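Engineer: I'll drop the sequence and a predicted model, then ask my questions.
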Amino acid sequence: MHANPEPQLGKSPIAKVIAALTLQEKVSLLIGTGMDIPGAPPEMQGPVIGFSNDRVPGAAGTTFAIPRLGIPSMVLADGPAGLRISPKRDAHPDRTFYATAFPVATLLASTWNTRLVEQVGIAMGEEAKEYGVDILLAPALNIHRCPLGGRNFEYYSEDPLISGKMAAAMVNGIQSRGIGTSIKHFVANNHEWNRNTINIKVDERTLREIYLKGFEIAVKEAQPWTLMSSYNKLNDTYTSEKAELLTAILRDQWGFDGFVMTDWFGGSDASAQMLAGNDLLMPGTDTQYKALVQAVETGALEESVLDRNIEQLLTIIMRTPVFKAYRFSNSPDLKKHALIARAAASEGMVLLQNNGRVLPLKAGTKLGLFGNNSYQLVTGGTGSGDVNEAYSISLLQGIEAAGFTANPGLANAYRKFISFEESNLPPPKRFRPQDPIPERRLTQADIIEVASNTDTGLITIGRNSGEFADRKAEGDFYLHETEKQMISSISEIYHKQGKKVVVVLNIGGVIETFGWRNQVDAILLAWQPGQEAGYAIADILSGDINPSGKLATTFAIELKDYPASENFPGEVLEEIPGDGPSSFIQSKRAELVYQDGLRVGYRVFTADKLEAAFAFGFGLSYTTFGYSELKLDNNHIDENLAASIIITNTGKIPGKEVVQLYISAPDGKLKRPDFELRAFTKTHLLEAGESQIIHFDLGLSDLSSFDSNLSRWIISSGEYTLKIGASSVDIRVQKKFCKHKLSTLPP
């Protein structure tokens with residue numbers, strides 16, 4: 001007689017596959033295969049270091065394979081702005097493996113166009129699949145709590161509705177191609193300082209309404225295959241060890257059916273992570289392996305906990321390309337994806353100022369390009385959000401392709417300056433932004449000569465940031481003195497000659513603009529637009545594309561106008577090492593109290609009647625739009641309320657408008673923000689004079705606030721106001737409706 005064959009994943013019940021695993025195999029499945037980091041201590045070394053390079057060099061990590069049971073190894077790769085893998089491979093020394101650098105998340109959110117973001121996700125998913133990746137570690141949707149957050153460029157917005165809707169669109173796009181996503185970082189990883197050890201203190205209502213809401217939307221509307229727990233502690237417990245977060249809220253209340261993985265080296269106690277519902281520990285260390293085996297053998301951890309987590313892991317593995325034996329090509333359609341990147345980039349750029357309608361520029365305009373970044377644009381941030389793209393288009397290349405000309409003498413001077421300064425820079429630290437070179441100093445004579453031979457001055461201001469470090473106030477949020485002087489001198493000289501000045505902001509996060517904006521005529525916020533940057537900017541400057549981006553994050557007049565800046569990024573409690581396995585990277589025990597509560601972004605600006613430099617939802621167009629005939633299907637709400645409005649292009653050229661719906665609620669039992677964004681949509685491209693009817697459907701959840709005492713969402717009775725406008729400070733039409741009785745919804 002022949003022995004019964006062993007069960008096989010996908011052919012046998014998962015319970016039988018799990019029963020066939022040894023304890024050592026179970027533990028190996030629940031931790032990654034390791035990550036080789038030069039200089040890292042022994043406790044960070046993996047059980048199978050270097051394994052990830054076998055399939056996709058440069059991927060962030062891999063999982064353990066058990067061939068005898070038909071369980072393959074998954075490849076996990078970074079990807080908030082495009083797939084991050086190594087461009088070179090030892091096995092193919094004569095070939096380079098590039099990926100598309102798409103615009104950063106903050107720009108994508110500024111499109112307010114979920115259909116377009118889904119198209120970007122589809123392209124990202126195709127590239128990941130064709131390069132042999134199973135799960136893309138994206139999107140990231142933490143909140144822009146403070147503009148100094150080092151990874152804000154990876155995140156969408158200060159508002160949880162936009163964050164959740166954009167993340168859901170991205171997840172749906174990527175996963176439509178059979179590739180998994182891992183939405184991150186769950187939760188309250190809103191800055192980089194001491195991120196591995198810091199304790200975030202936040203009240204439950206704020207947590208639910210601001211920091212968890214975007215994740216809730218993404219989970220319910222897109223069902224990501226996986227979710228990544230954050231590094232930080234949340235109210236005294238690491239998020240990866242917090243069962244209330246990972247099991248009670250995520251699975252029981254929201255219905256999440258994927259698996260949870262840690263951020264790389266996140267957390268402290270492997271057994272506590274398993275108990276909490278953090279199924280996969282990445283990238284996996286030998287210390288974690290030994291701890292889990294010992295915990296089960298001594299009875300400190302029930303083996304059934306491992307079985308539960310393995311079931312969740314195997315369920316997802318069966319969806320992956322590697323399990324389905326997909327033959328990836330290593331040749332995604334990068335040309336097609338470049339076109340998608342360019343379209344997304346131009347749609348997310350925000351025209352902040354256009355005095356005298358200096359933009360769009362006239363055909364054949366002669367430009368004086370000032371600023372280092374006019375010749376070397378920042379396409380995206382650094383760290384896990386970086387991409388190894390084949391090329392990036394400079395602003396100079398973009399404007400020349402659009403039929404404009406740049407002053408050749410000025411361009412040559414900048415090229416020589418940049419080359420010399422870069423040759424003196426130290427090597428960049430791993431995963432961190434390269435130190436910027438100083439802005440080239442200009443003499444009055446230089447500027448006068450260029451101005452005399454050009455029609456318009458164009459200044460580019462650039463910023464970059466990334467993992468491990470937050471931004472600074474001086475010289476980052478606020479301009480350097482050389483930048484201030486450059487803007488002042490160029491504007492004065494060009495204006496004396498009766499000519500205009502345009503500023504392009506090539507930035508990943510908010511900077512101060514109020515102190516200098518009146519010196520210039522136009523300001524285009526280009527963000528970090530990906531590899532097609534120069535072409536996309538030129539599309540807007542030339543008028544080939546009518547700008548339709550709007551701010552998804554508020555530009556304040558002063559840094560202090562953000563309440564979060566008062567104690568950002570936190571305080572050191574003890575000058576001793578923290579308890580996380582990666583404490584050698586950032587070692588101090590620290591704490592940050594979210595004392596601002598719900599007073600985040602536009603909510604505080606409207607409540608305090610505080611003027612912003614550029615308000616949430618703001619953005620100019622080369623045309624104008626009219627709002628008319630707001631209709632509600634009822635004057636009260638029981639379960640649902642339908643609204644419609646007509647948007648008309650009242651200008652002379654085609655354009656798109658972002659229509660924003662805000663709700664003002666009665667305070668009732670809970671004090672509410674003055675109003676909150678509850679829905680949005682973007683019109684199609686409206687021809688001059690064309691109208692479109694926009695429909696919104698509201699439910700009770702759109703009117704609710706979280707009552708911590710009841711642990712339920714409550715909908716107050718009383719009079720509500722539905723407001724529709726072009727920004728948070730430009731409400732065009734409004735109507736009132738009532739809720740007759742107080743009601744509640746489960747968490």
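Structural biologist: Structure received.

Engineer: Return the per-residue confidence for the residue nearest to the spatial centre of the chain.
Structural biologist: Closest to where the C-alpha atoms of the chain average out (C-alpha atoms, centre = their mean) is Tyr155, at 2.3 Å. Predicted confidence (pLDDT) for Tyr155: 98.

Engineer: try Pro47
Structural biologist: 74.

Engineer: Are we agreed that it is in a helix?
Structural biologist: No - counting by DSSP: H, G, I helix; E, B strand; the rest coil, Pro47 falls outside a helix, being coil.

Engineer: what's the spacing between the residue nearest to the centre of the chain and Lys336?
Structural biologist: Separation of Tyr155 from Lys336 (C-beta to C-beta, to the nearest Å): 27 Å. From N, CA and C alone the C-beta is placed, and that goes for glycine too.

Engineer: can you count the residues close to Leu573?
Structural biologist: Applying other C-beta atoms under 10 Å, we find 15 other residues in the vicinity of Leu573.

Engineer: Could you list everything the residue nearest to it when sequence neighbours are not counted pairs with in the sheet?
Structural biologist: With sequence-adjacent residues excluded and distances taken as C-beta to C-beta, 6 or more residues apart in numbering, Leu573 is closest to Arg589, at 4.6 Å. Applying DSSP bridges to Arg589 gives these bridge partners: Glu574.

Engineer: surely Arg589 meets Glu571?
Structural biologist: No - counting by C-beta atoms under 8 Å, Arg589 stays clear of Glu571, with 10.1 Å between them.

Engineer: These two: who's more crowded?
Structural biologist: Per other C-beta under 10 Å, whichever of Arg589 and Glu571 has more neighbours is Arg589, with 18 against 12.

Engineer: Give the other helices and strands that the helix or strand bottoming out on mean pLDDT in the chain contacts.
Structural biologist: Across the helices and strands of the chain, the lowest-confidence element by mean pLDDT, DSSP states H and E is strand 571-577, at a mean of 78. Counting contacts by 3 or more C-beta pairs under 8 Å, 6 or more residues apart in numbering; DSSP states H and E, strand 571-577 packs against strand 588-593.

Engineer: Return the set of buried residues in the strand it packs on.
Structural biologist: Within strand 588-593, the residues scored as buried using 16 or more other C-beta atoms under 10 Å are Lys588, Arg589, Ala590, Glu591, Leu592.

Engineer: Just list what it packs against, helices and strands only.
Structural biologist: Looks like strand 588-593 contacts strand 199-201, strand 571-577 (3+ C-beta pairs under 8 Å, 6+ apart).

Engineer: I'd like to know which of those lies nearest to Ala99.
Structural biologist: Across these, Ala99 has its closest neighbour in strand 199-201 (32.8 Å, C-beta to C-beta).

Engineer: re earlier: which residues touch the residue nearest to the centre of the chain?
Structural biologist: Contact analysis of Tyr155 by C-beta atoms under 8 Å, 6 or more residues apart in numbering lists Ala105, Thr106, Ala140, Leu141, Asn142, Ile143, His144, Gly149, Ser163.

Engineer: try it again with 6 Å
Structural biologist: Neighbour list for Tyr155: Ala105, Ala140, Asn142 [criterion: C-beta atoms under 6 Å, 6 or more residues apart in numbering].

Engineer: Looking at the residues you listed, spot the one nearest Val520.
Structural biologist: Val520 lies nearest to Ala105 out of these, by C-beta to C-beta, at 27.3 Å.

Engineer: what sits against that closest one?
Structural biologist: Ala105 makes contacts with Glu154, Tyr155, Tyr156, as judged by C-beta under 6 Å, 6+ apart.

Engineer: tell me which element the spatially closest residue to it that is not a sequence neighbour falls in.
Structural biologist: The shortest distance from Ala105 to any non-neighbouring residue, by C-beta to C-beta, 6+ apart, is to Tyr156 (5.0 Å). Using DSSP states H and E, Tyr156 falls within no helix or strand.

Engineer: Surely Tyr156 touches Gly164?
Structural biologist: No - assessed by C-beta atoms under 6 Å, Tyr156 is found out of contact with Gly164, at 8.7 Å.

Engineer: The two: which has the busier surroundings?
Structural biologist: Using other C-beta under 10 Å, the more surrounded residue of Tyr156 and Gly164 is Tyr156, with 31 against 25.

Engineer: Next one: the more buried one from Ala643, what distance?
Structural biologist: 25 Å.
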